[in-house]
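Visitor: Structure for this input, please:
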Amino acid sequence: MGLTLSKYIFDEIWPTFLVSLFVAVFIILATRMLSIIELVVNRGAHATQMGMMLFYLVPDIVVFALPAATLMAVLVAFLRLSADSEIIAMKASGISLYQMLPPVVLLSLVAFLLALFMNGFAVPWGNRSFKDLVFQIARSRADLGIKERVFSEPFDNVMFYVNHLSAHDHLMRDVFVADRRDKKATNTIVAREGKILVDPDKRSITLRFRKGTIFIVEKSLASARTIRFDTYDLHIGLQDIMAALQSRRKHASEMRIRELLQGIETAKPATRLYNKMKIKLYEKLSVPLAVFLMGLIGVPLGARIRARGRSTGVGISLAIFLAYYVSFTGVERVCETGALAPEIGIWLPDIFLLLSCVYLLRRVSRERSINIFKRAAEA
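Guide: Numbers count the residues shown, from 1 in each chain. Modelled structure (predicted):
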């Protein structure tokens, strides 16, 4: 009887879980497509590179969507059982609410392990690979976007005119560059020669000019000055390719557990970078734990709210997930500033979920109403 009941409830849960996760990932990927398509259309990236970028984004999106998908799957399943009076029939047969938990615990545990693996290994790998691929596109734009005796703009607000370009060693002769990236001034560089230097470790491109002049004119035309140089370096970073990728060094979201531990040891305590690495380290476990608790919370909510239709379950799930996400993001920002220790702050949303889970399970198992959802129950 116990195995049959567990299989019956599990069959109610897992299809909704997979569909919810797939839909969430698809929607979030669609929102990220705009910036990626911009690379393909305007930056010369190939369609295969676009596919790889989308693939690298999937782990981070899956971790983001797992709490909502887990809660939605359990809540919708128990909402259907409650609406069809199957839960009442089970209780009349002597089956308590706690005896219905094993399939939910199993699904929540699978989601927990998936989130743990993704957060610990797949997300850092995906974020790092995504930035590396963007850098490869940037490097190819520096190699292929500059042409001889043609005005070209391989990077936003940086225009080139080169009289001669050597394809072998990337050496440019008789170079004219108009750099309009500074909001206050326009820098015009005229140099006898220049060379493209690529640093894969820092993911930066440097255009090194020799024997030339820089004309600096303020946008307001209030002043202008001239600087002569023997050597001048013009740096092109990832922010010139995609506005969202401004860091040239390895971000905390790209680090694995060992790298985070090493970074915390070497970073100066109480700094923003130190706090960020601590936050990301604790998130490796706190986010999967939230996924697990979200699944358990769905049982008492779905069993107590008697409403037909999946829309009610989806709406309640999204509202709870939004509340969790807002609180989690808010705590994260506070911890970054150092106003709240990451060791404490990053666990506060999980503690709230745990207390809510215990409270709701005890109330519903004793056939007591949940005042928060009294109106929803009467609908």
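Visitor: mind listing what D182 touches?
Guide: Applying CB atoms under 8 Å, 6 or more residues apart in numbering, we find D182 in contact with no residue. All C-beta atoms are positioned from the backbone trio N, CA, C, and that covers glycine.
Visitor: Run the chain-centre distance for stretch 318-333.
Guide: Computed by CA atoms, centre = their mean, to the nearest Å, the separation of stretch 318-333 from the middle of its chain amounts to 14 Å.
Visitor: from here on, count from 43
Guide: Right, with 43 as the first residue, what we last looked at is stretch 360-375.
Visitor: Run the chain-centre distance for stretch 135-144.
Guide: With CA atoms, centre = their mean, you get 38 Å for stretch 135-144.
Visitor: Quick one: mean pLDDT for it?
Guide: Stretch 135-144 carries an average pLDDT of 89.
Visitor: and what of stretch 408-421?
Guide: 58.
Visitor: cool, and stretch 88-102?
Guide: Per-residue scores along stretch 88-102 average to 86.
Visitor: Residues touching that stretch, excluding its own?
Guide: 67, 71, 74-75, 78-79, 81-82, 160, 164-165, 167-169, 171-172, 175-176, 178-179, 295.
Visitor: what domains does the record give for the chain?
Guide: Following automatic domain parsing, the chain resolves into domains at 44-181+293-420, 188-282.
Visitor: Of these, flag the one that's most buried.
Guide: domain 44-181+293-420 (a mean of 18; mean count of other CB atoms under 10 Å).
Visitor: quick one: contacts for the residue lying closest to L331 once chain neighbours are set aside?
Guide: Counting by CB to CB, 6 or more residues apart in numbering, D392 is the residue found nearest to L331 once chain neighbours are left out, at 5.2 Å. The contact partners of D392, by CB under 8 Å, 6+ apart, come to S328, L331, A332, L335.
Visitor: Can you tell me which of those residues comes closest to K133?
Guide: L335 (24.1 Å; CB to CB).
Visitor: any chance you could map the helices in the stretch 43-192 of the chain?
Guide: Using DSSP state H, counting those that start in this stretch, the helices found in the stretch 43-192 of the chain span residues 44-84, 89-125, 128-134, 143-159, 165-186.
Visitor: okay if I get the ones you listed as JSON lines plus distance to L303?
Guide: Converted to JSON lines, those look like this (distance: least, CB to CB, whole Å):
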{"stretch": "helix 44-84", "distance to L303": "30"}
{"stretch": "helix 89-125", "distance to L303": "20"}
{"stretch": "helix 128-134", "distance to L303": "46"}
{"stretch": "helix 143-159", "distance to L303": "17"}
{"stretch": "helix 165-186", "distance to L303": "13"}
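Visitor: quick one: which of the contacts of D392 is nearest I51?
Guide: L335 (18.5 Å).
Visitor: Is that closest one in a helix, a strand, or coil?
Guide: Here L335 is recorded as helix under DSSP: H, G, I helix; E, B strand; the rest coil.
Visitor: In the stretch 293-421 of the chain, where is pLDDT below threshold?
Guide: 348-352, 355, 411-421 (pLDDT under 70).
Visitor: Mind jotting down where the helices sit in it?
Guide: With DSSP H, counting those that start in this stretch as the criterion, the stretch 293-421 of the chain has helices spanning 299-308, 314-346, 352-379, 384-387, 390-407, 416-420.
Visitor: Columns distance to S135 on top of the ones you listed, output as a markdown table?
Guide: Below are the helices of the stretch 293-421 of the chain laid out as a markdown table (distance: least, CB to CB, whole Å):
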| stretch | distance to S135 |
| --- | --- |
| helix 299-308 | 47 |
| helix 314-346 | 15 |
| helix 352-379 | 24 |
| helix 384-387 | 45 |
| helix 390-407 | 16 |
| helix 416-420 | 23 |
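Visitor: between those, which gets nearest to I129?
Guide: helix 314-346 (5.3 Å).
Visitor: and the angle from the closest one to helix 299-308?
Guide: Comparing the axes of helix 314-346 and helix 299-308 via axes from the mean of the first three to the mean of the last three CA atoms, to 10 degrees yields an angle of 130 degrees.
Visitor: name the helices or strands packed onto helix 314-346?
Guide: helix 89-125, helix 143-159, helix 299-308, helix 352-379, helix 384-387, helix 390-407 (3 or more CB pairs under 8 Å, 6 or more residues apart in numbering; DSSP states H and E).
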